[in-house]
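Asks: Sequence unavailable; structure follows:
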Ligand code: FRU
């Protein structure tokens, strides 16, 4: 594994030409995705600024140009008409040189459109020459003609009552109160994760600290909360966040999680009243920093997208100097005390050919490298092995056991294993048994939607050339489609 010096990680991008070679190398990788958003070069992590604006979906991702390393972060801009096909637009927010507020990174944040402009709220990750860190909540504006203007002063600096870990502003407008709010993730001096709330009557001026969000029962829940947000879906409030350095039962040794609490948000008293426990958002291995699109008109649902990755872990494409992709965008609705995540209806457009299933000599079926699988499951156990060898050995095992109504995935049978120390299997008990599976397979990922959005398992997998087969057992009716390409892997900086 490559070791990076500070100079290499925080190298300033002077000329796009410096990246051509890295892009070519990434593009020729057999793990390059065909219908998932992925980094143009280097590493990508969180989705940022997801919004509908000027008749397009705009999305940005945290981007370090230089390789599979968390270094100098930029916001890279992509757009879509339908949330299915995406186009690269190039870098949008560049960190300042020298001593600016975001001199060591334009970190995560959100966006809000007003009239003809799109405003970005992001964390300026600043380092003094002695490497002391400061977090600033910064503002930038995308003008209609594409010009990006960074405001010279931040909206507010760090709060001295908390540690240096203060970041990821989420902008929210509450019409009934006539107030804008910014929620940021933070860490108390006692090293507890929390969310801080700022408010203002004016989007661009006069921001004041309103207080720490009170969330009863969650005062000691991880040592830092990243990417917090409060969403209003189907008449309910949802606190979505990533508590860090916390072990959760059934999640192996993994310490970074993305989840949510349902409840009610009392904005006046800055209190989130939970209506139950913390739920893991995705039961797979690789999902983090989920963000909902801002300003949707339909209040009964939200659209969510997440980083298909985790902090502090290794991926096999690190060797090829690139890492990271996003999940498919998902429709979020509320059922009872839980969130339901379904693939967006628009994603059916990706379907190309319906495959007639024909068994190979040794009992397996061919698995296309970009495919969708749908299975109606009747009674009994189910075993579905994806990415097996031609003889059915190895692969990613998806198994359902009727006796305890548990569905599990296990990636320990894959030839290329990674992050084993975080556990190689994950499972979930299904209240009403298994009835349906919808699975999206790309060249290096799999997303398994169980029982029409009741549970989702999202994972990176890196099949070798020999692992493009599948087999199944159980009383299931299975359909398979090949999928079209949907991301133009163009070199645009
Ligand atoms: C989450 C995160 C954010 C931060 C960003 C930096 O993955 O650590 O808290 O703003 O990534 O890239």
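Replies: Sure thing, it's come through. Because the structure is predicted, anything quoted here is derived from the model rather than measured. Residues are numbered from 1 along each chain as shown.

Asks: can we go C-alpha only for contacts and neighbour counts from here?
Replies: OK.

Asks: pLDDT wise, what is the residue lying farthest from the centre of the chain at?
Replies: Centroid-distance maximum for the chain: residue 361 at 39.8 Å, with C-alpha atoms, centre = their mean. You'll see residue 361 listed with a pLDDT of 94.

Asks: what's the answer for residue 188, then?
Replies: pLDDT, residue 188: 98.

Asks: Kindly report the same for residue 127.
Replies: The predicted local confidence for residue 127 is 96.

Asks: next one: phi and psi at the residue farthest from the centre of the chain?
Replies: Dihedral pair for residue 361: phi -50, psi -40, per degrees, to the nearest 10.

Asks: List the residue ranges of this protein that fall below the pLDDT cut-off.
Replies: In the predicted model, the chain carries no residue with pLDDT under 70.

Asks: how much space between the residue farthest from the centre of the chain and the ligand?
Replies: Distance, residue 361 to the ligand, by C-alpha to the nearest ligand atom, to the nearest Å: 46 Å.

Asks: quick one: secondary structure of residue 7?
Replies: helix (DSSP: H, G, I helix; E, B strand; the rest coil).

Asks: if I look at it, how far off is residue 322?
Replies: 18 Å (C-alpha to C-alpha, to the nearest Å).

Asks: neighbour-wise, which of these two wins?
Replies: More crowded of residue 7 and residue 322, by other C-alpha atoms under 10 Å: residue 322, with 30 against 10.

Asks: Quick check: residues of the stretch 101-250 of the chain near the ligand?
Replies: Residues of the stretch 101-250 of the chain lying close to the ligand by C-alpha under 6 Å from any ligand atom are 107-108, 167-168, 226-227.

Asks: Dump these into a markdown table; add neighbour count, secondary structure and distance to residue 41 as well.
Replies: Formatted as a markdown table, those follow (neighbours: other C-alpha atoms under 10 Å; DSSP: H, G, I helix; E, B strand; the rest coil; distance: C-alpha to C-alpha, whole Å):
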| residue | neighbour count | secondary structure | distance to residue 41 |
| --- | --- | --- | --- |
| 107 | 29 | strand | 18 |
| 108 | 29 | strand | 18 |
| 167 | 29 | strand | 25 |
| 168 | 28 | strand | 23 |
| 226 | 29 | strand | 24 |
| 227 | 28 | strand | 24 |
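
Asks: Verify the stated contact: residue 65 with residue 20.
Replies: No. Taking contacts as C-alpha atoms under 8 Å, residue 65 lies outside contact range of residue 20: 10.7 Å.

Asks: out of those two, which sits in the more crowded spot?
Replies: residue 65 (33 against 15).

Asks: dump the residue contacts of the more buried one.
Replies: Residues counted as contacts of residue 65 (C-alpha atoms under 8 Å, 6 or more residues apart in numbering) are 13, 19, 40-43, 72-73.

Asks: try it again with 7 Å
Replies: 41-43 (C-alpha atoms under 7 Å, 6 or more residues apart in numbering).

Asks: beta partners for residue 229?
Replies: Residues in a beta bridge with residue 229, per DSSP bridges, are residue 240.

Asks: Quickly note the distance from it to the ligand.
Replies: From residue 229 over to the ligand (counting by C-alpha to the nearest ligand atom), the distance is 12 Å.

Asks: Do I have it right that that residue meets residue 241?
Replies: Yes. Using C-alpha atoms under 7 Å, residue 229 is in contact with residue 241, at 6.4 Å.

Asks: so what strands line up beside whichever strand or helix holds residue 458?
Replies: For residue 458, the element it lies in under DSSP states H and E is strand 455-460. With DSSP bridges as the test, strand 455-460 is paired with strand 445-450 (antiparallel).

Asks: Give me the contact list for the partner strand.
Replies: With C-alpha under 7 Å, 6+ apart, strand 445-450 has contacts from 342, 436-441, 455-461.

Asks: Repeat that for stretch 397-410.
Replies: Under C-alpha under 7 Å, 6+ apart, the answer for stretch 397-410 is 380-386, 396, 411, 424-430, 433.

Asks: Make a PyMOL selection of the buried ones in these.
Replies: Buried subset of the contacts of stretch 397-410, written as a PyMOL selection, criterion 16 or more other C-alpha atoms under 10 Å:
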select buried, resi 381+382+383+384+385+386+396+411+424+425+426+427+428+430+433
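
Asks: who's in contact with the residue nearest to residue 354 when sequence neighbours are not counted?
Replies: Closest residue to residue 354 apart from its sequence neighbours, by C-alpha to C-alpha, 6 or more residues apart in numbering: residue 481 at 4.4 Å. Residues in contact with residue 481 (C-alpha under 7 Å, 6+ apart) are 351-355, 371-373.

Asks: now swap in residue 178 and tell me
Replies: Applying C-alpha under 7 Å, 6+ apart to residue 178 gives the contacts residue 201.

Asks: Tell me the backbone dihedrals of it, please.
Replies: Dihedral angles of residue 178 (phi, psi; degrees, to the nearest 10) stand at phi 60, psi 30.

Asks: Just give the nearest non-adjacent residue to residue 200, would you?
Replies: Take residue 200 and drop its neighbours on the chain: the residue closest to it by C-alpha to C-alpha, 6+ apart is residue 207, 4.7 Å away.

Asks: What of residue 56?
Replies: Residue 56 sits nearest to residue 81 (C-alpha to C-alpha, 6+ apart), 5.2 Å away.

Asks: The closest residue to the ligand within the stretch 301-450 of the chain and residue 432, how far apart?
Replies: Closest residue of the stretch 301-450 of the chain to the ligand, C-alpha to the nearest ligand atom: residue 311 (6.1 Å). Residue 311 sits 34 Å away from residue 432, going by C-alpha to C-alpha.

Asks: centroid residue for this protein?
Replies: Centre-nearest of the chain using C-alpha atoms, centre = their mean is residue 306, 1.6 Å out.

Asks: That residue: what secondary structure?
Replies: Going by three-state DSSP: residue 306 is strand.

Asks: Between residue 311 and residue 432, tell me which one has more neighbours.
Replies: A direct count of neighbours by other C-alpha under 10 Å for residue 311 and residue 432 places residue 311 higher, at 15 against 8.

Asks: and the more buried one, that's in a helix?
Replies: No. Assessed with three-state DSSP, residue 311 is coil; it does not lie in a helix.

Asks: Without its sequence neighbours, what residue ends up closest to it?
Replies: Using C-alpha to C-alpha, 6+ apart, the nearest residue to residue 311 is residue 256, at 7.2 Å.

Asks: The one you found reaches residue 245, doesn't it?
Replies: Yes. At 6.0 Å, residue 256 counts as touching residue 245 under the criterion of C-alpha under 7 Å.

Asks: got the residues of the stretch 301-450 of the chain near the ligand?
Replies: So the stretch 301-450 of the chain never meets the ligand (C-alpha under 6 Å from any ligand atom).

Asks: can you give me the strands for the stretch 301-450 of the chain?
Replies: Ranges of strands in the stretch 301-450 of the chain, per DSSP state E, counting those that start in this stretch, are 302-307, 322-323, 330-335, 338-343, 351-354, 365-366, 371-377, 382-388, 395-401, 406-413, 425-429, 436-442, 445-450.

Asks: In JSON lines, list the residues of the stretch 101-250 of the chain next to the ligand along with distance to residue 296.
Replies: Output for those, formatted as JSON lines (distance: C-alpha to C-alpha, whole Å):
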{"residue": "107", "distance to residue 296": "24"}
{"residue": "108", "distance to residue 296": "20"}
{"residue": "167", "distance to residue 296": "24"}
{"residue": "168", "distance to residue 296": "20"}
{"residue": "226", "distance to residue 296": "23"}
{"residue": "227", "distance to residue 296": "19"}
